[in-house]
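1. fold the stuff below for me.
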Amino acid sequence: MVPRFATGVLAIMNEYPLISVVIPTYNRVKFLPKAIDSILKQDYPNIEIIIVDDGSSDGTAELIANGNYGTQVKYFYQENRGVAASRNLGIEKATGKWIAFLDSDDSYVPGKLMAQAKYFHEHPECEIVFTRYKNFLTDDKLKNLEQTQNELEREVWEQYYLASAIVKGEAFEKCGGFMNEFGIGEDTELLFRMQTIGICLNHCLKEDYYNRCIHGENTILRYNTKDVFVLYRENDAPYDFVFENLRRIVGERYAQRQSLISVIIPARNASKYIRDAILSVKGQSIGENVEIIVVDDGSTDDTAAIASAAGCQVIQIPPSGAPAARNIGLEHATGDFIMFHDADDLLEKNALAFLYNELYKYPELQAIFSMRINFISPDIMPEERQKIFRKAPLHTNKQQPYELFGAGLFGALAGCALMRRALFDQIGNFDENFQAGDAILWQLHLKEQNIKTAKLPIITCFRRIHSSNFSITHKNLAYKYYAAIIRQHLKLKKAS
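-> The predicted model follows:
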């Protein structure tokens, strides 16, 4: 039978590079046959299946021996060492040019490998390609969740889920394998490293080619069984375990190598929220080697007094706008690294530690960018909530005392970037002619000059949504500035 994509690009290539599918497994004998069968039913003609048995005692070895799978399935046994070590062994034993992964309780959708192979051939610069994935429940005892089984089954996600990916072998040569010390979150940590060395993680097929099984024996549920939907909906609970493991592994190395970080907070009439914003900086897990500079942009309330009482350096200027306040903050900053933070937002407790760690590990990087997610300020009145959010989806996070709004996105600057101080000598400061979008314009200049940067797919900033947001109170003015930025950028691009 000729594969359905045998015409076009693949036919011209006249080859199908070997794909090695690595399946780590531990006491999953009741799920494993379905996983294997979903690979064997793929229409891609050149596949090997690497099964790494991580010390199972449930008859996994007998299943493979008696399964009549032939030479296409290769079985390797090791004493129990964890999923990271199992995946590493699978990569070591793989002979394919491309490496795919499949968790032993999940399954592929037909056509997955062929679609990703086609994408690789059409995008030769791509080193890793994901697919969207779909969660589904199999365990009756999980069906009493607030989110019903059908609702969970309908959710299709496009996120950094390594098990859905195919990775070119040379990517592992660049960044190494999984960290065996990680009992959980090893895949997320690997993606962090890929991102920081310049491997693009933005290649993802729009089809849901991966079925992710949610059941009572999921590894992640050993840590939290109370709210499965929120756990997977936010995809941030696993980061807490990654943070915990990284702190354990890194230990006291932060204290031995830290340089001063300057956090600059422009503020105008921010007395309502600025104390919480400052406390989110002071509570960072990285330690005390952080200076906080609040630039009071002509406030008529108690902003300056609150910031001073919180131990911040306070600089008061006439009303000049956020870009001017940022520039003034840069003039007074003494740190080697700079972060900007909005006076109404909150930093995730590990934000500075992880952004700083990447810049420390990779001195060629000039800036590291991360993600933000919106949250609804608890003081918003019901009528304001209805006006702002209408029918937009709201969801809670048990680890935060507020409602989250929307999905995590890479932020432009505030709370989502850590930069080397010297970068501003190269790029310049913020354009004070733009009262909105100045951070986006600065980033465009950064991109135009091909400065080495990277992205971390983690949420570091919680952006407060309230009735006084500039984008809400000055919506038309903001659009005007954004339009001007686009025109200016296109003009410069055309000229070059």
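2. CA only for contacts and neighbour counts going forward, please
-> Will do.
3. how deep is residue 164 tucked in, by neighbour count?
-> The number of residues packed near residue 164 is 27, by other CA atoms under 10 Å.
4. could you do residue 372 as well?
-> Neighbourhood size, residue 372 [other CA under 10 Å]: 25.
5. that one against residue 460, yeah?
-> Yes. Between residue 372 and residue 460 there is a contact at 5.9 Å, judged by CA atoms under 8 Å.
6. list the residues that contact both of those two?
-> 415-416 (CA atoms under 8 Å, 6 or more residues apart in numbering).
7. quick one: the strands in the stretch 101-250 of the chain?
-> Using DSSP state E, counting those that start in this stretch, the strands of the stretch 101-250 of the chain run over residues 107-108, 128-137, 156-157, 166-168, 204-214.
8. avg pLDDT for the first one?
-> If I follow you right, that is strand 107-108. Mean pLDDT, strand 107-108: 93.
9. ok, back up a step: to residue 363, which of the strands of the stretch 101-250 of the chain lies closest?
-> Closest to residue 363 of the strands of the stretch 101-250 of the chain, according to CA to CA: strand 128-137, at 24.1 Å.
10. each with direction, which strands does the closest one pair with?
-> strand 156-157 (antiparallel), strand 166-168 (antiparallel), strand 204-214 (parallel) (DSSP bridges).
11. and among those, the most buried is which?
-> strand 166-168 (a mean of 21; mean count of other CA atoms under 10 Å).
12. quick one: residues in contact with that one.
-> In this structure, residues lying in contact with strand 166-168 by CA under 8 Å, 6+ apart are 97-101, 116, 127-130.
13. rerun at 6 Å
-> Here strand 166-168 makes contact (CA atoms under 6 Å, 6 or more residues apart in numbering) with 98-100, 127-129.
14. max pairwise distance over those: which two?
-> 100 and 127 (12.0 Å).
15. more neighbours, those two?
-> When neighbours are counted by other CA under 10 Å, residue 100 comes out ahead of the other of residue 100 and residue 127, with 26 against 20.
16. quick check: that one touching residue 21?
-> Yes. Between residue 100 and residue 21 a contact is recorded at 4.5 Å, counting by CA atoms under 6 Å.
17. can you map out the helices along the stretch 1-150 of the chain?
-> 9-13, 32-40, 60-65, 83-93, 112-122, 149-154 (DSSP state H, counting those that start in this stretch).
18. could I get these as a markdown table with mean pLDDT and distance to residue 415?
-> As requested, these are arranged in a markdown table below (pLDDT from 0 to 100; distance: least, CA to CA, whole Å):
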| stretch | mean pLDDT | distance to residue 415 |
| --- | --- | --- |
| helix 9-13 | 44 | 43 |
| helix 32-40 | 93 | 41 |
| helix 60-65 | 90 | 47 |
| helix 83-93 | 93 | 31 |
| helix 112-122 | 94 | 34 |
| helix 149-154 | 41 | 31 |
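19. mean neighbour count, those: which tops it?
-> Most buried among the helices of the stretch 1-150 of the chain, counting by mean count of other CA under 10 Å: helix 83-93, with a mean of 22.
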